[in-house]
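Colleague: Everything below, folded, please.
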Amino acid sequence: ERILLRMTHGKMAGAYDGWNSRVKLFNHQRTVLERVLLRMHNLAIAGGMDRWKENVKEEKEMRFKGSKLVLRWMNLVLSNSVSRWMAFVSERKRLARAALKMMSRWGNLVLAVPFCTWTKQVKEEKDMHLKSSKLLLRWMKLE
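Modeller: From the prediction side, this is the model:
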């Protein structure tokens, strides 16, 4: 009976030892898996963080390039508007000079026409005076 009792206790002890070793093995496997999963999770978080940092850096670069482009465009628009304004002012000055020149010519023409008429009349009177004086001299010689 003692022997049987020892054998039963031995079987139970062996079963308990087997169960205990399996529990330890499962606990160890669970711990290893938890560490692997935690590491994978941390890697995923780290990868996400790295991608986020890259995206932020790229967005800053794009924003800088965009603001530089907008500034260049604004300077170009300002430069073009100043150039067009200067061309407009230059054209107005040119037209004003041309108008003054034309007015001066018309004014000279207005003065020149009566002057030409006066010189023509003076020449005709001089010619008539000369002819009349020649005619008078002839008549005087005839008398």
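Colleague: pLDDT on the helix or strand hosting residue 134, on average?
Modeller: Residue 134 is part of helix 2-142, with elements assigned from DSSP states H and E. The predicted model gives helix 2-142 an average pLDDT of 87.
Colleague: elements contacting that helix?
Modeller: Contacting helix 2-142 under the criterion 3 or more CB pairs under 8 Å, 6 or more residues apart in numbering; DSSP states H and E is no other helix or strand. C-beta coordinates here come from the backbone N, C-alpha and C atoms, glycine included.
Colleague: So the residue nearest the centre of the chain versus residue 117, what's the distance?
Modeller: Nearest to the mean C-alpha position of the chain, by CA atoms, centre = their mean, lies residue 73 at 1.8 Å. Distance from residue 73 to residue 117, counting by CB to CB, to the nearest Å: 65 Å.
Colleague: Next: residue 94.
Modeller: Residue 94 sits 35 Å away from residue 117, taking CB to CB as the criterion.
Colleague: cool, residue 109 as well?
Modeller: 13 Å.
Colleague: cool, residue 142 as well?
Modeller: Applying CB to CB, the value for residue 142 to residue 117 is 37 Å.
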